[in-house]
Each structure stands twice: as structure tokens, then as C-alpha cells.
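Q: Build me a model:
(chains A and B)
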Amino acid sequence: MSLPPLPESAINIGAFAADWRAAVALSGAALARSGAAKPLYAAEMIRMIEDHGPYVVIAPGLALAHARPGPQVITNGLSVVTLSEPVHFGHAHNDPVRVVLGLAISESGAHLAAVAAVANIFNDSSAIDQLAEATSAAEVQQIMGITP
Amino acid sequence: MKIVTICGAGIGSSGVLKVNAERALRALDLEATVVAADVSTVRVVAADAQIILTSQEFVEAIGKTNADVIVIVNLFDTSELKHKLGHALG
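A: Numbers count the residues shown, from 1 in each chain, chains lettered A, B, ... in the order given. This is a model prediction of the structure:
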């Protein structure tokens, strides 16, 4: 199973976000930097949460920000933003968020292997803490199982 | 048996739920087809499902259904999934 690409340009360590919208915008900006998505993809990710609520906070401290495949997605990609100060998304159990994963998927149907690869990483329950405390992009890549 | 996982886009959290539900089912030695879908298609996709796995946010939108709707809090917590699936199927 292959993880979507997570280049150094898509990793932002110890970033400050004033609120959840800013945190999701940072994850979208990271996807735009790496070339996985266009800048407006961030607005789509924010709209998903406005429409459906904070369900993207899928585990304590971890948000999986994403929107649907569409014209704002260029290619499959992942971004990781770790927050210097945890942010509340309004989730009843899993707030506050310290790590925002951004996910861009270009084609629905072909995404499950990629999502499964992400799921495998976080079935190790220490992975979220490790990511939150990572001090370099290389360390994040290592936790995510990417060999340089 | 059919289990449907539901989220907003049908790719992210429902995909994670699908993967982890399959893991939990294997651990419970149960067999089921698990399908990930977005909430706008739930009536069609879940028409013949026994169980719908989802997050609290989608319970209202899923509305009336013959399937058991199970809310999962931590999508990576296999013991939560095993416990809730085992209870529903037990």
C-alpha cells in the first residue's frame, strides 16, 4: 500500500494557527506548495467542515482535512502541519488538535489504498504524539514511514 | 453481511473507518463487506446494509434506516470498533 507523496515542502512544523480555519488553511497551503492541489482546495476543505461539522477530527489530537476529488486537486498528496498551540475544532471528544493531515485525492475509487496506508500509520497510537513533537520535516517523514 | 461507513466526502474518514472496521472484523473472526460512501448517497448505498458506521455529525443526516447506526469516536481505536461491532453483531 502506498502513501500519497509527502515531500518536505508539504510539511510545516510548529506552525501557529489562531483557529481551526487557519489550521486547515495551513494544511491546504502545504498541499499547494508541494503541487498536489491548487490554492482554492483549502477553501473546499474548510467548507466540508462548515457543512458537516468537525468529524474530520478522527482521533484525539488529529484532524484529517480533505475535500472531494475535483478540479482543485492536481495529484494525490499528503501534507502534515503540526501546531505550536493546539486548536479547537469543536469536536466533542477528540479536541484539541495538534496535528493536521491534509489529503488531496485526484480520483475517487483509487484512493482506498492511499487512505489505508495512512490508517496503518495511526493504528500505532503513539504516532500522533510523535508527530506533534517532531522537530524536523525529516523526522515527520520517518514517523510516516517514508524512506528518503 | 454489509457494513457501510459514512462521512462527508466519502474518501477520508469513511475510508479510514472501512480499513479499521475490516481489521476489527478479522480480529472478531467475522465476515462482512465494508463499503465507504459519502452521506449524500447513504440511502442507496446502505439500503441493504445491516450496519452503518459513522461519526456523530452524520447521524441526523443519515436519518431513518433499517441498519444499526453505530457512532465511532476514535477511528483508529480498534478496541472501540471491536467492542461496538461485536456488540451489534453478537
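
Q: which residues touch residue 71?
A: Defaulting to chain A. Under the criterion of C-beta atoms under 8 Å, 6 or more residues apart in numbering or on different chains, the neighbours of A:Pro71 are A:Lys38. (Glycine included, C-beta is placed from N, CA and C.)

Q: oops, I was thinking of chain B
A: Remark: with contacts taken as C-beta under 8 Å, 6+ apart, B:Val71 is in contact with B:Thr54, B:Ser55, B:Gln56, B:Val59.

Q: all helices of the chain, in order?
A: Picked chain A for this. Using DSSP state H, the helices found in chain A span residues A:20-34, A:41-52, A:112-122, A:127-132, A:137-143.

Q: You answered for a different chain; I wanted chain B.
A: Taking DSSP H as the criterion, chain B carries its helices at B:13-28, B:42-45, B:59-62, B:78-89.

Q: that older thread, nearest approach to B:Val4 belongs to which of the helices of chain A?
A: B:Val4 lies closest to helix A:112-122 among the helices of chain A, at 14.1 Å (C-beta to C-beta).

Q: in that closest one, what's buried?
A: By neighbour count with 16 or more other C-beta atoms under 10 Å in any protein chain shown, helix A:112-122 contains the buried residues A:Leu112, A:Ala114, A:Val115, A:Ala116, A:Ala117, A:Val118, A:Ala119, A:Asn120, A:Ile121, A:Phe122.

Q: and that helix, does that touch chain B?
A: Yes - part of helix A:112-122 sits near chain B under the criterion C-beta under 8 Å from any C-beta of the partner chain, namely A:Leu112, A:Val115, A:Ala116, A:Val118, A:Ala119, A:Asn120, A:Phe122.

Q: Before we move on, what's the pLDDT of residue 39?
A: No chain in the question, so chain A it is. Per-residue pLDDT puts A:Pro39 at 96.

Q: not quite, I wanted chain B
A: With respect to pLDDT, B:Val39 has a value of 90.

Q: before we move on, back to that, lowest-confidence one in the residues of helix A:112-122 next to chain B?
A: Among the residues of helix A:112-122 next to chain B, A:Leu112 carries the weakest pLDDT, at 77.
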